[in-house]
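Trainee: Predicted coordinates and the sequence they were generated for:
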Amino acid sequence: MNGKKFVESHFHKYLTEHLNAEIALNTIQNFDIAMNWIRSTFFYVRAVRNPSSKYELQPRMDKDLIDRKIEEMCLRQIKELQKNGLVILNGMNLQTTVYGKLMSKYYLSFETMKLFRQIKGSETYLETINTIVKCKEFSDFVIRANEKGILNQLNGSPIRFPIRGRIRSNEDKISCLIQAVFGNLTLPTPALIQESIKIIRIGDRLSKCLLEYLRLRQSNDSKFRCYKALLNALTIVKCFHAKLWENSEFASKQIRKIGAVHSSLLVNAGKTTIKSISETDARTIESILNLSAPFGNELLLNIMITYPTYLLDISLKSENVIQVHLKQLNEEYIYIGSHTVLIVGDSLNNLLLYEENV
């Protein structure tokens, strides 16, 4: 078989994201450099050779008119970035902002960043989850006709935030699959299992970006009250990292060598927290899991090494002063990769303290 088909560019569909990334990297410092950069792309080559509606151009345009149209396109996208606080346009000079750097760091789409910029800081836990679910990064996951029955069954299972009515939209599917994973529910088809793995990976990136965005905005805007949203975002980051709800009975899935089956056996035996497992005799653990020694001893040692135990003491020193004392009880162990955050807020949604790696 013989034949040929020209490869076309999709660069213009993501021009906003590419421009922001190059400005954040300081590759593009003004509009002239931006245009020279665009002229070096495959998109420009194809736009000149094949001007068409695909590239927002008209057939048989001359090169000067094509350049002018691409300049307008580029300037329009830069002004959109400026409007949303991602770049600073001073005359024809361009400079990134902390939010533009954040968008580039986490490979966010422009639509997702605009969604984050609309956050008020007082969102509930469910509203924060729904913000992540609405992100454009999930647009590749579509609901298929043969999946609706399965998803409706999952929605009827004891998921934490059931979707009203029947599953109809792509967002409903994303929310349902995230909650199914966090709730340790079994997904019945290989396709949904594979999609859920990708969704959790994307959600982990988005939730971390949302958390960092709230911290940056709170640091740069003294009037922005965001304790509730920040606490919810921090909790959701934990959920995506552990692939479990923060109050899940299947907390043991986080322990090395404990999967879904062993975790269910521990839950049936009433061992629903890391603390309750750590206080259980090694031989009892082996009996519950139908495993031989020294598995129980290894499991308990792994818990002691991996999971810190804290004592939190809060005392009122005066009308305007609260003393927070945090002590690590098992100080003899060294924790690699553990991440601890101390966050304090008030009833007016003000963030009073945010300390990482305490």
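Mentor: Yes, it's here. All figures in this text were calculated on a predicted structure; none of them were measured in a lab.
Trainee: okay, and the helix or strand of the protein with the least pLDDT?
Mentor: Using mean pLDDT, DSSP states H and E, strand 322-328 stands out as the lowest-scoring helix or strand of the chain, at a mean of 81.
Trainee: Now do the following helix or strand past that strand against strand 322-328, angle only.
Mentor: Next in sequence after strand 322-328, counting helices and strands by DSSP states H and E, comes strand 341-345. Interaxial angle, strand 341-345 versus strand 322-328 (axes from the mean of the first three to the mean of the last three C-alpha atoms, to 10 degrees): 160 degrees.
Trainee: Need the residues that contact the least confident helix or strand of the chain.
Mentor: 308-317, 342, 344, 353, 358 (C-beta atoms under 8 Å, 6 or more residues apart in numbering). Glycine gets a C-beta too; all of them are placed from N, C-alpha and C.
Trainee: With stretch 122-136 instead?
Mentor: 109, 111-112, 115-116, 119, 161, 171, 174-175, 178, 202-203, 206-207, 210, 225-226, 228-229, 232-233, 235-236, 349.
Trainee: What subset of the residues you listed is buried?
Mentor: By neighbour count, with 16 or more other C-beta atoms under 10 Å, the contacts of stretch 122-136 hold 109, 112, 115-116, 119, 171, 174-175, 178, 202-203, 206-207, 210, 225-226, 228-229, 232-233, 235-236, 349 as buried.
Trainee: ranges for the strands of the stretch 51-200 of the chain?
Mentor: Per DSSP state E, counting those that start in this stretch, the stretch 51-200 of the chain carries strands over the ranges 87-90, 93-96.
Trainee: Quick check: which of these is buried the most?
Mentor: strand 93-96 (a mean of 18; mean count of other C-beta atoms under 10 Å).
Trainee: Centre-most residue in the protein?
Mentor: Taking C-alpha atoms, centre = their mean, the centroid of the chain lies closest to residue 206, which sits 1.9 Å from it.
Trainee: Listing partners with orientation, what would you give for the least confident helix or strand of the chain?
Mentor: strand 310-316 (antiparallel) (DSSP bridges).
Trainee: Among the buried ones among the contacts of stretch 122-136, which lie within helices?
Mentor: 112, 115-116, 171, 174-175, 178, 202-203, 206-207, 210, 228-229, 232-233, 235-236 (DSSP state H).
Trainee: State the pLDDT value of the closest residue to residue 52 other than its chain neighbours.
Mentor: Once flanking residues are discounted, residue 52 sits nearest to residue 59: 5.9 Å by C-beta to C-beta, 6 or more residues apart in numbering. Looking at residue 59, its pLDDT stands at 85.
Trainee: Next, count neighbours for residue 59.
Mentor: Look at residue 59: counted by other C-beta atoms under 10 Å, it has 8 neighbours.
Trainee: shouldn't it be in contact with residue 47?
Mentor: No - the criterion here is C-beta atoms under 8 Å, and residue 59 misses it with residue 47 at 11.9 Å.
Trainee: hey, what's in contact with both of the two?
Mentor: By C-beta under 8 Å, 6+ apart, no residue touches both residue 59 and residue 47.
Trainee: which regions of the stretch 151-300 of the chain lie under the pLDDT threshold?
Mentor: Within the stretch 151-300 of the chain, no range satisfies pLDDT under 70.
Trainee: show me where it has helices.
Mentor: 170-182, 190-220, 227-242, 260-268, 274-278, 282-289, 295-306 (DSSP state H, counting those that start in this stretch).
Trainee: Next, format those as JSON lines and append distance to residue 128.
Mentor: Below are the helices of the stretch 151-300 of the chain laid out as JSON lines (distance: least, C-beta to C-beta, whole Å):
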{"stretch": "helix 170-182", "distance to residue 128": "12"}
{"stretch": "helix 190-220", "distance to residue 128": "8"}
{"stretch": "helix 227-242", "distance to residue 128": "4"}
{"stretch": "helix 260-268", "distance to residue 128": "26"}
{"stretch": "helix 274-278", "distance to residue 128": "25"}
{"stretch": "helix 282-289", "distance to residue 128": "36"}
{"stretch": "helix 295-306", "distance to residue 128": "28"}
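Trainee: Highest mean neighbour count out of these?
Mentor: Mean neighbours per residue, mean count of other C-beta under 10 Å, is largest over these for helix 170-182, with a mean of 23.
Trainee: how far off helix 190-220 does that one point, in degrees?
Mentor: Going by the same axes, to 10 degrees, helix 170-182 is angled at 100 degrees with respect to helix 190-220.
Trainee: What residues does residue 214 make contact with?
Mentor: Residue 214 touches 119, 121, 226, 229-230, 233, counting by C-beta under 8 Å, 6+ apart.
Trainee: Turn those into TSV, columns for distance to residue 8.
Mentor: Below are the contacts of residue 214 laid out as TSV (distance: C-beta to C-beta, whole Å):
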residue	distance to residue 8
119	37
121	43
226	43
229	41
230	43
233	39
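Trainee: Could you export the strands of the stretch 51-200 of the chain as TSV, including mean pLDDT and distance to residue 214?
Mentor: Formatted as TSV, these follow (pLDDT from 0 to 100; distance: least, C-beta to C-beta, whole Å):
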stretch	mean pLDDT	distance to residue 214
strand 87-90	91	21
strand 93-96	94	19
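Trainee: Kind regards, and thank you for your time.
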